[in-house]
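Visitor: one predicted model, sequence on top.
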Amino acid sequence: MTLGLDWDGYVAWLVAREGSLAAVADRLAAARGHVEDVGTVERALRRLRARDHAPGGKWGDRAVRLFGLPGDVDDRLRWMGTYHARFTDLPLPVCADLVRLWDRPPTSEARTARAWLDLAHASLDIRAGRPDDARARLQRSPAPDRADAAVERALTLAFTASRVDPDDADTWLQRAGARLPEVADPAERACLHARWIDQRAWALNHADPPDWAGAEALYREIPDDPALPPLRPRAPPQRAGLRARRLGRRGRGPGRSLPASARPATAATCGCAPCRSGCTRASPTTPPPACAPARSPSASRTSCCSPAPAAARDSTNHPWTWVTSQQASPNAPPRSRVRLRRTPVGQAFGWMS
């Protein structure tokens, strides 16, 4: 059994798509103005089948440019190259093995696939503490044509430059913002937009002096749309006081002064990884259902479930709450979630990784 996609599997996909090997050869010959006859192209495709994962040569390159890659392969490469995908939740050695498995011909010879593979390698470098290697790799790679890949590349380059060259980081963030409206998938656009907001807010929070009010205004631009994947997490009420202190405001956060008798006893938030990434704003009039019996407050956040926040929310004046991704948006794709950076205002609002 061949792991990944080899040339034999690729040609078999072309035959299934076009109906016969002769039909595939005819399309390739027609794309070149029938400079070569159909029989010559068909024999070339038969030789291509035996090349396993070796470079495909001129006919392999022509076939990939004309037909592209199978849809499921393209989706898998995009999943590995997207930073907010669930792929980055896997252990680093596992991710590295998967990227190496797919970074071979014929997948590595497609332009868009090459862009996603470079982004996946850059993500591995960042997680391994090598941001300079990630930046150098992406600067060497050609700019992708697809809007989502272009935005992902710009955000990653901005991230790697944020601590060493803020002006360059701002340039890449401007490029990402210019391409964001071109992303066709609404869910993907929402996730990329949230990351774009967070990286801009990080720069404001680390300016001299910090502009926490400006960062707060940026975070409030993240829309709440029940049709989109929940962008995790939203602020629990006990962080409202921290937010107020960061912004130089007096007073306690909503819900901090509620008596114990006024706090809902059934509110619970799941602490497992899928639920931690699915916290969102819900209607203040809808009580959050308990996803499991509450555990001890000392229970690990990585356990199955953990108890509700100690301070309850004021359901009249403070519409923040916690719900799982399944409760918030049953149709949201499970691969979507957003990693946001730890910033003073971002932490106060709960927008953090």
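Guide: Noted; the coordinates are in hand.

Visitor: ok, which stretches of the stretch 1-150 of the chain are helices?
Guide: Taking DSSP state H, counting those that start in this stretch, the helices of the stretch 1-150 of the chain run over residues 7-18, 21-31, 38-49, 57-67, 71-81, 92-102, 111-127, 131-140, 147-161.

Visitor: tell me the most buried of those helices?
Guide: Looking across those with neighbours counted as mean count of other CB atoms under 10 Å, the highest average goes to helix 147-161: a mean of 24. In short, each C-beta sits where N, CA and C put it, glycine included.

Visitor: contacts for that one?
Guide: 78, 81-83, 112, 115-116, 118-119, 122-123, 126, 131-132, 134-135, 138-139, 141, 143-144, 168-170, 172-173, 175-176, 179-180, 182-185, 188-189, 192, 195-196, 199 (CB atoms under 8 Å, 6 or more residues apart in numbering).

Visitor: counting neighbours, what do you get for the residue nearest to residue 61 when sequence neighbours are not counted?
Guide: Spatial nearest neighbour of residue 61, excluding adjacent residues (CB to CB, 6 or more residues apart in numbering): residue 109 at 6.1 Å. The tally of other residues near residue 109 (other CB atoms under 10 Å) stands at 19.

Visitor: can you tell me how far residue 109 sits from residue 171?
Guide: From residue 109 over to residue 171 the distance is 31 Å, taken as CB to CB, to the nearest Å.

Visitor: same check, this time on residue 117
Guide: According to CB to CB, residue 117 and residue 171 sit 24 Å apart.

Visitor: in contact with residue 76, which residues?
Guide: Contacts of residue 76 by CB under 8 Å, 6+ apart are residue 102.

Visitor: that one and residue 5, how far apart?
Guide: Noted for residue 76: a distance of 9 Å to residue 5, by CB to CB.

Visitor: shared neighbours of the two, anything?
Guide: Shared contacts of residue 76 and residue 5, counting by CB under 8 Å, 6+ apart, come down to residue 102.

Visitor: check contacts around the residue lying closest to residue 162 once chain neighbours are set aside.
Guide: Nearest residue to residue 162, sequence neighbours excluded (CB to CB, 6+ apart): residue 169, at 4.4 Å. For residue 169, the contact set (CB under 8 Å, 6+ apart) comprises 157-159, 161-162, 199, 203.

Visitor: go again using 7 Å as the cut-off
Guide: Each residue near residue 169 by CB atoms under 7 Å, 6 or more residues apart in numbering is listed here: 158, 161-162, 203.

Visitor: which SSE is it in?
Guide: helix 166-179 (DSSP states H and E).

Visitor: any buried residues in that helix, and which?
Guide: 169-170, 172-173, 175-177, 179 (16 or more other CB atoms under 10 Å).

Visitor: can you name the next helix or strand after it?
Guide: On the C-terminal side of helix 166-179, the closest following helix or strand by DSSP H and E is helix 186-205.

Visitor: about what we covered before: list the contacts of the residue nearest to residue 61.
Guide: Contacts of residue 109 were listed using CB under 7 Å, 6+ apart, and they are 56, 60-61, 64.

Visitor: from those, pick the one nearest residue 25.
Guide: Comparing these against residue 25 with CB to CB picks out residue 60 as the nearest, at 13.7 Å.

Visitor: contacts only, for the residue nearest to the closest one when sequence neighbours are not counted.
Guide: Spatial nearest neighbour of residue 60, chain neighbours left out: residue 48 (5.6 Å); criterion: CB to CB, 6+ apart. Counting by CB under 7 Å, 6+ apart, residue 48 makes contact with 7, 11, 56, 59-60.

Visitor: hmm, try it at 10 Å
Guide: Counting by CB atoms under 10 Å, 6 or more residues apart in numbering, residue 48 makes contact with 7-8, 10-11, 14, 54, 56-57, 59-60, 63, 106.
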